[in-house]
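[1] structure of the sequence below:
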Amino acid sequence: MNDLAFRLSDAQMAQFIAHGYTTITPDLPTEFHAEIYAQHEEIFEREGNPGNNLLPRIPGVRQIVEHPSVVGALKSVVGDDYYLQPHRHPHHNPAQSQGQNMHQDGGKRWSHRTRYLLAFYYPQDTPLERGPSGIVPGSHYFNTPEGAQIDRELPLVTPAGSVTITHYDLWHRAMPNLSDHHRFMIKFLFARMDEPEAPSWNNQQTEWPGAPPALTGDSRALSTMYAHAWHWHRGTSIPVPPNDREPADLLSLLQSEQERIGIAAAYDLASFGKEFVPSLIGTLSSQSEMTRRHAAYALSAIGTPAVDALVEALQSANPLTRADAATVLGDIGYASNPAIDALIDTTKDAETSVRQRAAEALGILGRSPAPVPALIDALADAEVSVRTAAAFALCRLGPQAAEAVSALEHVLDDENRYVRGDALFALQRIDTPEAKDTLIKHLMPARWCPLTTRESTF
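    Model prediction:
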């Protein structure tokens, strides 16, 4: 089946942008999901949680992530060129459990743009009493429980075989399992490899169609935020509507400790464009992380007119400002290409967080081999966060990173599993004969035999 038939509609895409999730049910037989569930019960009983080794241990699960309906939805949201990341995890919610607290997963970024997804697959019927995942629609734009309004929980009560795709930052939890049966949910992570340059769903409508009914009570400012995300996904210029607010008043609101007020002010400030960039750059030196984050949202929404000032901010004496400037340059995307040389220099910064953010930004911006030597050096950084960012950046660069094959081979023995995993994917995407040979040479002795168990060792 062609996945084009399963691309999201405008209404479905609008729901994803505003609510942060969409649920689909691949047309696989009930027996398939029952078998996946049975294998989970057996493996958890005998061996424990297989963690990242899920796919070699239960290879049938691949049919879920490769099903055209799932592929079509993923491509709609993060583009045709996406990455199934090496972390995947079966979540076991045992009978009579107390569930979890509401949370966001680690690694959250200061961005309202969709570059990372979670996908939850449920191999059994999951009624309310069996401890479904609880999500908070629309919470992916917020970093605090108050801003996210986590009391607005929605249980994902779904039939066996359902897959819920969510924005990475959506607040979620395992709800209490009051039944006498285990509940399994298999979580996958996906990442966008290219910035959007055209709609990747079945797009018919140019303008933001408006938030779905459940969120119609949101303010005009949040509607502006949703419209911003819509146009970003379409790969078109992002209009920021004018407003009659006083900039000084908005700057004060930007520094509010009430997150929804601060975010609303950020998008209103963006309408003033280049003239207000210096004030926002100044705000990046605030000791309040929330204030700096709101300023980052505003600068990202301003986009191109903010790039030169952000490049200057990479030279700030304040490491927080340097790190935030690198973050925003990456979040702006391809329009920040004039900043590539400055970001390359920033990969040598004395501060770990600044080096990490610069490497991440280069992965988003670099459609040329120019950043590759700096990223090769970053693969040897003493800090794992920098090495991880560099390996992932080289994944995004793909064929442009042919020079990095030898360095990537070296980190296939890195102490961090995700540096190793991303290095393998980078070699796959580089796709030269040397990269393929390196990849195969490493994978052959590392091959996992899914048939080997304690009862059957040979």
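[2] got a list of what the nearest residue to residue 39 once chain neighbours are set aside touches?
    Leaving aside its sequence neighbours, residue 39 sits nearest to residue 58 (Cβ to Cβ, 6 or more residues apart in numbering; 5.0 Å). To be clear about C-beta, it is placed using only N, CA and C from the backbone, and glycine gets the same treatment. Contacts were defined as Cβ atoms under 8 Å, 6 or more residues apart in numbering; by that measure residue 58 touches 36, 39, 40, 43, 50, 450.
[3] over to residue 386?
    Counted by Cβ under 8 Å, 6+ apart, residue 386 has contacts 352, 355, 356, 359, 378.
[4] restricted to buried residues, select the contacts of residue 58 in ChimeraX.
    Selection of buried members from the contacts of residue 58 for ChimeraX, criterion 16 or more other Cβ atoms under 10 Å:
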select :36,39,40,43,50
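[5] for the contacts of residue 58, which one is nearest residue 199?
    residue 36 (33.4 Å; Cβ to Cβ).
[6] ranking the contacts of residue 386 by neighbours, who comes first?
    Highest neighbour count within those: residue 359, with 32 neighbours (other Cβ atoms under 10 Å).
[7] what about that residue, which SS state?
    Following DSSP: H, G, I helix; E, B strand; the rest coil, we place residue 359 in the helix state.
[8] now do residue 224, the pLDDT please.
    On pLDDT, residue 224 comes in at 87.
[9] so who does it touch?
    240, 241, 267, 268.
[10] got the CA coordinates for the host helix or strand of residue 438 in PDB?
    Here residue 438, judged by DSSP states H and E, is contained in helix 433-446. Extracted in PDB, the C-alpha atoms of helix 433-446 (Å, rounded to 0.1, in the frame of the first residue of the first chain):
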ATOM      1  CA  PRO A 433      30.900   2.500  -0.400                       C
ATOM      2  CA  GLU A 434      33.300   3.300   2.500                       C
ATOM      3  CA  ALA A 435      30.400   4.100   4.800                       C
ATOM      4  CA  LYS A 436      28.500   0.900   3.800                       C
ATOM      5  CA  ASP A 437      31.500  -1.200   4.400                       C
ATOM      6  CA  THR A 438      32.100   0.300   7.800                       C
ATOM      7  CA  LEU A 439      28.500  -0.200   8.700                       C
ATOM      8  CA  ILE A 440      28.400  -3.800   7.600                       C
ATOM      9  CA  LYS A 441      31.700  -4.600   9.300                       C
ATOM     10  CA  HIS A 442      30.400  -3.400  12.600                       C
ATOM     11  CA  LEU A 443      26.900  -4.800  12.400                       C
ATOM     12  CA  MET A 444      27.800  -8.400  11.400                       C
ATOM     13  CA  PRO A 445      29.500  -9.400  14.700                       C
ATOM     14  CA  ALA A 446      26.900  -7.300  16.600                       C
END
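[11] residues making contact with it?
    By Cβ under 8 Å, 6+ apart, helix 433-446 touches 402, 405, 408, 409, 412, 424, 427, 428.
[12] check the residues you listed and tell me the two furthest apart.
    The farthest-apart pair in the contacts of helix 433-446, when distances are taken by Cβ to Cβ, is 402 and 412, at 16.8 Å.
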